[in-house]
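Visitor: Build the 3D model from these lines:
(one chain, ligands or ions: 1)
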Amino acid sequence: MYLAALDRASLFLLLGRLDVDIAHEVRTAGCTYCGGPLHWARYPRKPRGGPPLPEELSVRHGLCCGHCRRRTLPPSVLFLGRKVYLGAVVTLVAVLRHRRPGSASGSTLRDRLGVSWQTVVRWMAWWAETFPRSRAWRAFRGLVSPSIRDDDLPAGLCDVLQGLARLRSLLPAWARIEHAARGPTPLTQKMGRFQLTP
Ligand SMILES: [Zn+2]
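Guide: Residues are numbered from 1 along each chain as shown. This next block holds a predicted model:
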């Protein structure tokens with residue numbers, strides 16, 4: 001079931017639309033440094049894993065202040081932090097391995113999603129060790145069922161998020177919490193990477 005979800009472009013279209021909504025919300029609020037107007041500074045991102053995505057989804061919605069020129073990177077539910085794979089792929093592959101180790105062999109993951117076995121092992125370790133201790137998860141778990149056990153992540157979380165209405169309401173909340181927990185975008189990142197659009 002989870003592997004089938006990754007074949008459905010509709011899941012990624014939903015995530016992409018949520019990203020656009022979140023970015024508009026952040027843009028409306030203005031620059032957090034000086035209150036200036038934020039302009040779009042989108043840049044292409046070539047995510048790995050998942051089905052081929054339309055061009056409008058292979059984009060990270062960045063923002064740039066018209067006054068102080070500092071950049072703001074709105075939270076994203078399509079991309080998970082700075083990982084190069086789509087967030088849904090990282091999550092669902094870990095669920096597959098966790099819940100049904102026999103149902104997603106190394107060759108299946110490699111052939112269908114282009115994910116190497118070493119990468120899957122790294123993701124599993126991240127979900128098992130890094131994520132449960134993160135500030136973001138500690139803040140988010142108050143919004144979802146307290147019955148989710150740390151040793152059942154991310155499968156327990158996916159069970160809770162099943163259903164479109166639930167996804168729509170909780171994913172943007174998650175993206176904001178995760179984004180806030182990471183702190184401000186380092187100013188050392190160069191604006192030159194961006195394609196500025198009015
Ligand atoms: Zn500013």
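
Visitor: is the ion contacted by the lengthiest helix in the chain?
Guide: Secondary structure of the chain per DSSP state H: the longest helix is helix 9-29. No - using C-beta under 5 Å from the ion, helix 9-29 stays clear of the ion, with a minimum separation of 11.7 Å. C-beta coordinates here come from the backbone N, C-alpha and C atoms, glycine included.

Visitor: Against which helices or strands is that helix packed?
Guide: strand 38-40, strand 63-65, helix 87-99, helix 164-182 (3 or more C-beta pairs under 8 Å, 6 or more residues apart in numbering; DSSP states H and E).

Visitor: what's the least confident stretch among those?
Guide: Least confidently modelled of the helices and strands packed on helix 9-29 is helix 87-99, at a mean of 68 by mean pLDDT.

Visitor: Okay, now the unreliable bits of this structure?
Guide: The model of the chain has pLDDT under 70 over residues 1-11, 48-52, 80-87, 92, 96-114, 162-167, 182-198.

Visitor: Recalculate using a threshold of 90.
Guide: Low-confidence regions of the chain, defined by pLDDT under 90, span residues 1-26, 32, 42-61, 72-198.

Visitor: Give me every residue in it lying close to the ion.
Guide: Neighbours of the ion within the chain, by C-beta under 5 Å from the ion: 31, 33-34, 36, 65, 67-68.

Visitor: Mind listing what's buried along stretch 16-26?
Guide: 16, 18-19, 22-23, 26 (16 or more other C-beta atoms under 10 Å).

Visitor: Output those residues in CSV, with distance to P132 appended to each entry.
Guide: Below are those laid out as CSV (distance: C-beta to C-beta, whole Å):
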residue, distance to P132
G16, 28
L18, 24
D19, 25
I22, 25
A23, 29
V26, 28
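
Visitor: Can you pick out the most distant pair from those residues?
Guide: Using C-beta to C-beta, the two most remote members of the buried residues of stretch 16-26 are G16 and V26, lying 15.8 Å apart.

Visitor: what sits against A181?
Guide: By C-beta atoms under 8 Å, 6 or more residues apart in numbering, the contact set of A181 is 134-136, 139.

Visitor: In helices, which of the residues you listed fall?
Guide: Members of those lying in helices (criterion: DSSP H): 135-136, 139.

Visitor: PyMOL command to pick out the buried ones of those?
Guide: Of those, the buried ones go into a single PyMOL selection, burial set by 16+ other C-beta under 10 Å:
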select buried, resi 136+139
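
Visitor: between the ones in helices among the contacts of A181, which is closest to S145?
Guide: A139 (15.0 Å).

Visitor: and the residue lying closest to that closest one once chain neighbours are set aside, how many neighbours?
Guide: Excluding its sequence neighbours, the residue lying closest to A139 (C-beta to C-beta, 6 or more residues apart in numbering) is I177, at 4.9 Å. Here the number of neighbours of I177 (other C-beta atoms under 10 Å) works out to 21.
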